[in-house]
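In: what follows is a predicted structure for the sequence shown.
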Amino acid sequence: MSEDGLTSGVDRVGDAAASAIAPAPTTGAAPGATISTGPRLRRRGAAAPTAPEEPAMCFDRATLAYGDRVVWSELSLTVRPGEFLAVLGPNGSGKTSLLRALLGLAPLAGGQLDVLGHPPRRGDPAIGYVPQHAGFDRDVPLRGRDLVGLGVDGHRWGFGRLSRDGRRRVEAALEAVAAGPYADAPIGRLSGGEQQRLRIAQALVGEPALLLCDEPLASLDMRYQQEITELIGDWARQKRGTVVFVTHDVNPVLGYADRVVFVVNGRWAAGSTDEVLTTETMSGLYDAPVEVLRVRGRIVVVGEGSGAGFDIDEPHHFPEPAGTHP
């Protein structure tokens, strides 16, 4: 483990059955070993070293289970402020459950999790949440700015008049996602991409330190996928906010993701895209032959349908395992 609290190279590959896939260490130390340089002397007159930065989140041998069904196990991962973490995997593999754990909605069965310096807690105002895209009824009596305003006072019962500061924050959030031109339109009459922009504004109106995004690109066309990814990635870089971005397809976030976590069948692997999304690592995670290809700047995963549950008609998506978890 390096001095900033992150494991060098592939962080770790874990398995619910305790049969780990061991990646080759990149530092010369054993996988998961702590590297210590010992105490350092400070010369007279030199500035005192800055205190270590508080991680945005830290999973320490964390296990999540629903009854006797283990979703993922022994997950150890530290994410620094300002990092963009992509969470990948097929349906039912535990991606959304990871977000629920961060939100304090899914208690761990074992291990420890700290979020922004404390255990997860429901309703944390320092966390913004962008849900999967789901259309609104065309006749719902709600304007775009009303939806964003719920991020300011949605914890209160009923609708009320926002304070001056609340209105300022709504306008700033609308401007941040370039949604001003349709902010007063009925939300049900807007396109899917426009609605998703407003959901992002709603998540950002509270000026969070951590933004959790649950499949925000689902059901959007390629143009809007690119726009939404850019909005979230640009926010992370400008505000030094931390992003956890759940997605089936890694390609839209390749230019933004600092690291990825891939979860499937109780196993997991964490590291950079080049470290995790390899034929060797993916075959180990699926316990079946998997080929990872780079084609014109895109990552494509292919394999034998009978062995790994692939839908080869959709090679841009990751394969579905034979047995899935909630």
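Out: That came through, no problem.
In: find the nearest non-adjacent residue to residue 278, please.
Out: residue 292 (5.6 Å; C-beta to C-beta, 6 or more residues apart in numbering). For glycine as for every other residue, the C-beta is placed from the backbone atoms N, C-alpha and C.
In: cool, residue 260 as well?
Out: That would be residue 86: by C-beta to C-beta, 6+ apart, it lies 4.5 Å from residue 260.
In: quick check: which element contains the one you found?
Out: Using DSSP states H and E, residue 86 sits within strand 84-88.
In: just the residues contacting that strand, thanks.
Out: 79, 95, 98-99, 233, 236, 242-248, 250, 253, 256-263, 273, 318 (C-beta atoms under 8 Å, 6 or more residues apart in numbering).
In: make it 6 Å
Out: 79, 95, 98, 236, 243-246, 250, 253, 256-262 (C-beta atoms under 6 Å, 6 or more residues apart in numbering).
In: ok, now stretch 98-112?
Out: Stretch 98-112 is contacted by residues 60-65, 87, 97, 115, 120-122, 212, 214 when judged by C-beta under 6 Å, 6+ apart.
In: same question for stretch 170-181.
Out: The contact list for stretch 170-181, computed with C-beta under 6 Å, 6+ apart, reads 145, 148, 149, 183, 197, 198, 200, 201, 204, 205, 231.
In: ok, the second one to residue 201 distance?
Out: With distances defined as C-beta to C-beta, to the nearest Å, the gap from residue 148 to residue 201 amounts to 5 Å.
In: ok, and the closest non-adjacent residue to residue 282?
Out: Per C-beta to C-beta, 6+ apart, closest to residue 282 is residue 290, 4.2 Å.
In: for that neighbour, name its beta-bridge partners.
Out: residue 303 (DSSP bridges).
In: number the chain from 530, please
Out: Okay, using 530 as the starting number, the last item reads as residue 819.
In: give me the mean pLDDT for the longest helix anywhere in the chain.
Out: When the chain is parsed with DSSP state H, its longest helix is helix 751-768. The pLDDT scores in helix 751-768 average 91.
In: so what angle separates the directions of it and strand 613-617?
Out: 140 degrees (axes from the mean of the first three to the mean of the last three C-alpha atoms, to 10 degrees).
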